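>>> sequence and predicted model, in that order:
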Amino acid sequence: MNDPTPLLIFETLLTAYGHQQWWPAESPFEMMVGAVLTQNTNWKNVEQAIGNLKAANMLDAASIVCADHEQLAGVIRPSGFFNQKACRLQLFSRFYIAHGEISGLRKQPMDEMRVQLLALSGIGPETADSMLLYALEKPVFVVDAYTRRIFTRLGLLSGKIDYDAIQNYFHQQLEPQLSLFQEYHALIVEHAKRHCRSKPLCGKCPLLNSCNYSKQ
DNA sequence: ACCCAGGGTCATA
DNA sequence: TATGACCATGGG
């Protein structure tokens, strides 16, 4: 069988899992806060932290900027790395206000916005791209650890390759369509949740049909 | 008791 | 530039 294309993998995942409703958040700002809180952290923990922010009536940029560090850290405690993340949220919230909140951010060209997000301490490529894709509605492909793992196993990516190179690969292989990129990343996360977390292969993996899945 | 999770930064060589 | 240490909670 020929190598599967990224589009074929997408269709396989979509058929297997159906349409995902992503990102789970009630507002763009909540989405961006979630992007920081979920760094190397289980989403369940993030839900608690966001629930705490809502309960404290602190889920807006002004409240986060004005909050006392200790208080903010305490509120987001369940998400782990709470000291770091409190600083990151305050830094980002200041940026968010300074740039005209969501409408201001959405007016910026995608590449410029990406550079500016990356310039903030605590926002790396995956966090920046998640924000661009789900809050600012720019068609960027989000690369996460699962993406790397899955496509390496499929034999479509080599092990030694950095974030931007992987992203370039998908940008070349797919039409830059917002809904496609939003759905694709969501499906990859959903796939990882169901399969291949600790165990590499389970018999029900929908990607088993897609040729080389298993090598490495 | 160990491993992982919807990463990123910083110090060291 | 390329590893390693570090951040920290909650669930399997």
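Yep, that arrived.

>>> which other helices and strands contact the helix or strand of chain A with the lowest mean pLDDT?
Counting by mean pLDDT, DSSP states H and E, chain A has its least confident helix or strand at helix A:145-153, which shows a mean of 92. When contacts are defined as 3 or more CB pairs under 8 Å, 6 or more residues apart in numbering; DSSP states H and E, helix A:145-153 sits against helix A:6-17, helix A:163-173, helix A:178-194. Glycine gets a C-beta too; all of them are placed from N, C-alpha and C.

>>> out of these, nearest to A:Leu157?
Among these, the nearest to A:Leu157 by CB to CB is helix A:163-173 (6.3 Å).

>>> which residues are in contact with the closest one?
A:5-7, A:125-126, A:129, A:140-141, A:143, A:147-148, A:151, A:156-157 (CB atoms under 8 Å, 6 or more residues apart in numbering).

>>> and the angle for that helix with helix A:6-17?
What separates the directions of helix A:163-173 and helix A:6-17 is an angle of 90 degrees, with axes from the mean of the first three to the mean of the last three CA atoms, to 10 degrees.

>>> dump helix A:163-173 to PDB, restricted to CA.
C-alpha atoms of helix A:163-173 as PDB (Å, rounded to 0.1, in the frame of the first residue of the first chain):
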ATOM      1  CA  TYR A 163       8.400  21.900  15.600                       C
ATOM      2  CA  ASP A 164       8.500  24.300  12.600                       C
ATOM      3  CA  ALA A 165       9.600  21.600  10.200                       C
ATOM      4  CA  ILE A 166       6.700  19.400  11.200                       C
ATOM      5  CA  GLN A 167       4.300  22.300  10.900                       C
ATOM      6  CA  ASN A 168       5.700  23.100   7.400                       C
ATOM      7  CA  TYR A 169       5.100  19.500   6.300                       C
ATOM      8  CA  PHE A 170       1.400  19.800   7.200                       C
ATOM      9  CA  HIS A 171       1.100  23.300   5.700                       C
ATOM     10  CA  GLN A 172       2.400  21.900   2.400                       C
ATOM     11  CA  GLN A 173       0.300  18.800   2.500                       C
END
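
>>> and that helix, what's buried?
Neighbour counts using 16 or more other CB atoms under 10 Å place A:166-167, A:169-170 of helix A:163-173 among the buried residues.
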